[in-house]
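Novice: here is a sequence together with a model predicted from it:
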2 protein chains.
Amino acid sequence: MRDLAGRPDLCAINTATLGHSAPIGAVIEAVAHQGFGGIAPWRRDLEGEDVAAVARRIRDAGLAVSGYCRSSAFPAATPEAARAAVEENRRALRDAATLGARCFVLVAGGLPPGSRDLAAARGQLRDGVGALLEEARQLGVTLALEPLHPVYAADRSCLCTLGEALDLCDALDPEARGGLGVAADVYHLWWDAALPRELRRAARHDRIAAFHVCDWLVPTRDVLLDRGMMGDGVIDIRGIRAAVEATGYDGLVEVEIFSAQDWWRRPMEETLATCAARLGSVC
Amino acid sequence: MRDLAGRPDLCAINTATLGHSAPIGAVIEAVAHQGFGGIAPWRRDLEGEDVAAVARRIRDAGLAVSGYCRSSAFPAATPEAARAAVEENRRALRDAATLGARCFVLVAGGLPPGSRDLAAARGQLRDGVGALLEEARQLGVTLALEPLHPVYAADRSCLCTLGEALDLCDALDPEARGGLGVAADVYHLWWDAALPRELRRAARHDRIAAFHVCDWLVPTRDVLLDRGMMGDGVIDIRGIRAAVEATGYDGLVEVEIFSAQDWWRRPMEETLATCAARLGSVC
């Protein structure tokens, strides 16, 4: 297991951690200035920007792109809407390639309006990811299925566990040809008694494409926007990272914190310095 | 699958649905008046009451006791505290027997203060339940492990899925001698892609001791106290009930709704009448 103390170069910052309030250029400079090895931008950061120019700026700053966030919802109320979502995600996948991203993070989407059929939503997810896989391979960008915490099953992600994500990988990529994996985020997975077993399973096909850290606060005031800085909550982050790295994962450790009431209100430099310190001391 | 239309006698009311605001005697009368077949009281309803007298009152009203809610947390910061929790739960188990309850509902408890060790918490749960099992068998009250939604893993229940609950049943009762099962609540389990498989597994040893219904609202304003009336949310309750009854479960369908801002503010009779109607129309 790697020692992260004094090694922000082994770590990346997901721009959501900074609240999307500063322009992407300033965020790139600040992340690089703190010594991080990578950045994971969101589509919203690039609105109105030239993607190739942003890609150059990231490269020139010496940063890798640990991931590009994130897909639109795959499940939709009509087959036409589902196809449109796939095409929108295809355009974002191409931007991920332009950015040189290690992976394109897929957040499944929840139930379409009026639906109570989770199995159907999961079927649409499977079909949509399957439609993107060959192009992802050609582009050299891994599709990273990110199971979200089951609290988001209705409105954000019908994909709720690492086991379920690996089942989908096995179904769509049975020979492990690559181009498909998972984004493992401690916030979404820490509660799962099956996590050690499923991480061992992930290891067999080298399925971990990204690893995200933050913390689960007690109490959590808002399940979407009250995530904690590493060390401020109850997740055994170091234990999970040990298990993730035992799968062979040697990519960047990415910090993704949604914190509307706390960290998003602080100066960007303070948040970044705290991330660097906590990565070294508690992760 | 049973038809619940016009059959409140196949259903029970968990007193939490009524907000614990009326005295237990009045609640018993109102539940019986509406034609329900059973009631599931909480320990807090019986504080300061003579348990045997309440038991008589329930019997005289023609109601069964579908369950008694609920255990104190098993995980604790010290071995002494964990032993004390077991003894407290033993006293509650004896009250469950006095009430003639079908089961004593076990809510595991979350992480003790200062702990990040979910595996240790689960070990304390296992030890504690094991310590109660023989007496539960002698009393004829099934210990019903209730996995709670993973959103409560930190503070309420280290037992998060039906699969995990069945693993614990198998570990403590490998020969299926009885006295140990699960309480399956749609609110806690609906998101789980493994649910159909785990329900089939539950069927093999007749492990379903209780079945609870309510609904998951979108949006959910509060993950503890904003549960919905059946039909007002996104859970496929009928589909889950069909799978539960396919396991052989023929016990009461129990309504348990925590709704501080809505149903708890309405007259008890309105809530009960709505439960009866929705059980028949959407469950």
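Specialist: Received, thanks.
Novice: residues contacting A:F36?
Specialist: By CB atoms under 8 Å, 6 or more residues apart in numbering or on different chains, the contact set of A:F36 is A:8-9, A:11-13, A:63, A:272, A:276. Glycine gets a C-beta too; all of them are placed from N, C-alpha and C.
Novice: need those in a markdown table with pLDDT and neighbour count, can you?
Specialist: Shown next, in a markdown table, are these (pLDDT from 0 to 100; neighbours: other CB atoms under 10 Å in any protein chain shown):
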| residue | pLDDT | neighbour count |
| --- | --- | --- |
| A:P8 | 98 | 25 |
| A:D9 | 98 | 15 |
| A:C11 | 98 | 24 |
| A:A12 | 98 | 29 |
| A:I13 | 98 | 32 |
| A:L63 | 98 | 23 |
| A:L272 | 98 | 23 |
| A:A276 | 98 | 21 |
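Novice: closest to chain B among the residues you listed?
Specialist: Comparing the contacts of A:F36 against chain B with CB to the nearest CB places A:C11 closest, at 20.6 Å.
Novice: for that closest one, phi and psi?
Specialist: For A:C11, the backbone dihedrals (degrees, to the nearest 10) come out as phi -130, psi 160.
Novice: ok, what's across the strand from it?
Specialist: A:V253 (DSSP bridges).
Novice: now A:G163: closest residue in space, sequence neighbours ignored.
Specialist: A:E198 (4.8 Å; CB to CB, 6 or more residues apart in numbering or on different chains).
Novice: quick one: that neighbour is in a strand?
Specialist: No: using DSSP: H, G, I helix; E, B strand; the rest coil, the assignment for A:E198 is helix, not a strand.
Novice: just to check, it is in contact with A:T161?
Specialist: Yes: under the criterion of CB atoms under 8 Å, A:E198 makes contact with A:T161 at 7.5 Å.
Novice: anything in contact with each of these two?
Specialist: Common neighbours of A:E198 and A:T161, counting by CB under 8 Å, 6+ apart, are A:D192.
Novice: quick check: residues of chain A near chain B?
Specialist: Proximity of chain A to chain B, by CB under 8 Å from any CB of the partner chain, involves residues A:111, A:115-118, A:122, A:149-151, A:153-155, A:160-161, A:163-164, A:167, A:190-194, A:216, A:218-220, A:223, A:233-236, A:239.
Novice: which of those residues fall in helices?
Specialist: In this view, those that belong to helices under DSSP state H are A:118, A:122, A:163-164, A:167, A:239.
Novice: could you dump those residues to TSV with pLDDT?
Specialist: As requested, these are arranged in TSV below (pLDDT from 0 to 100):
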residue	pLDDT
A:L118	98
A:R122	98
A:G163	98
A:E164	98
A:D167	98
A:G239	98
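Novice: if we can go back for a sec, next, count neighbours for the residue nearest to A:G163.
Specialist: 23 (other CB atoms under 10 Å in any protein chain shown).
Novice: and if you look at the one 3 residues further on?
Specialist: Using other CB under 10 Å, A:R201 has 18 other residues around it.
Novice: not counting sequence-adjacent ones, nearest residue to A:E88?
Specialist: Closest to A:E88 by CB to CB, 6+ apart is A:S72, at 5.2 Å.
Novice: typo on my end, A:G37
Specialist: Nearest residue to A:G37 in three dimensions, chain neighbours excluded: A:D9, at 4.1 Å (CB to CB, 6+ apart).
Novice: distance check, the residue nearest to A:E88 against A:E87.
Specialist: To A:E87, A:S72 is 10 Å away according to CB to CB, to the nearest Å.
Novice: so which of those two has more stuff around it?
Specialist: Regarding A:S72 and A:E87, a neighbour count based on other CB under 10 Å identifies A:S72 as having more, with 17 against 12.
Novice: quickly find the element holding that one.
Specialist: For A:S72, there is no enclosing helix or strand under DSSP states H and E.
Novice: would you list the phi and psi of it?
Specialist: Phi and psi for A:S72, reported as degrees, to the nearest 10, are phi -80, psi 170.
Novice: same deal with A:D127?
Specialist: phi -60, psi -40.
Novice: now it: closest residue in space that isn't a chain neighbour?
Specialist: A:A82 is the one closest to A:D127 (CB to CB, 6+ apart), at 7.4 Å.
Novice: surely that neighbour touches A:S72?
Specialist: No: contact criterion CB under 8 Å: A:A82 and A:S72 do not qualify, at 10.7 Å.
Novice: on that earlier part again, and the residue nearest to A:E88, what does it touch?
Specialist: A:85, A:88-89, A:92, A:109.
Novice: pull the number of nearby residues for A:Q261.
Specialist: Residues within reach of A:Q261, counting by other CB under 10 Å, total 10.
Novice: and it, what pLDDT?
Specialist: As predicted, A:Q261 sits at a pLDDT of 96.
Novice: and for A:H205?
Specialist: If you check A:H205, the pLDDT there is 89.
Novice: hang on, the earlier thing: where's the residue nearest to A:G163 relative to chain B, distance?
Specialist: Here the criterion is CB to the nearest CB, to the nearest Å. By it, A:E198 lies 12 Å from chain B.
Novice: circling back to that earlier point, look up which helix or strand the residue nearest to A:D127 falls in, please.
Specialist: helix A:79-99.
Novice: helices or strands up against the next helix or strand after that helix?
Specialist: For helix A:79-99, the following helix or strand on the C-terminal side (DSSP H and E) is strand A:103-106. Strand A:103-106 sits against strand A:68-69, helix A:79-99, strand A:142-145, strand A:180-185, strand A:208-213, with contacts defined as 3 or more CB pairs under 8 Å, 6 or more residues apart in numbering or on different chains; DSSP states H and E.
Novice: buried residues of the helix or strand hosting A:A136, list them for me.
Specialist: Per DSSP H and E, A:A136 falls inside helix A:118-139. For helix A:118-139, a neighbour-count test (16 or more other CB atoms under 10 Å in any protein chain shown) marks A:118, A:121-122, A:124-133, A:136-137, A:139 as buried.
Novice: state the mean pLDDT of stretch A:68-76.
Specialist: 98.
Novice: with only the CA atoms kept, save that stretch in CSV.
Specialist: C-alpha atoms of stretch A:68-76 as CSV (Å, rounded to 0.1, in the frame of the first residue of the first chain):
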residue,chain,number,x,y,z
TYR,A,68,-14.2,13.1,-16.6
CYS,A,69,-17.6,13.6,-14.9
ARG,A,70,-20.1,12.5,-15.9
SER,A,71,-22.7,10.8,-18.0
SER,A,72,-26.3,11.9,-18.2
ALA,A,73,-28.9,9.5,-17.0
PHE,A,74,-29.4,6.4,-19.2
PRO,A,75,-32.9,5.4,-18.1
ALA,A,76,-35.6,7.5,-19.9
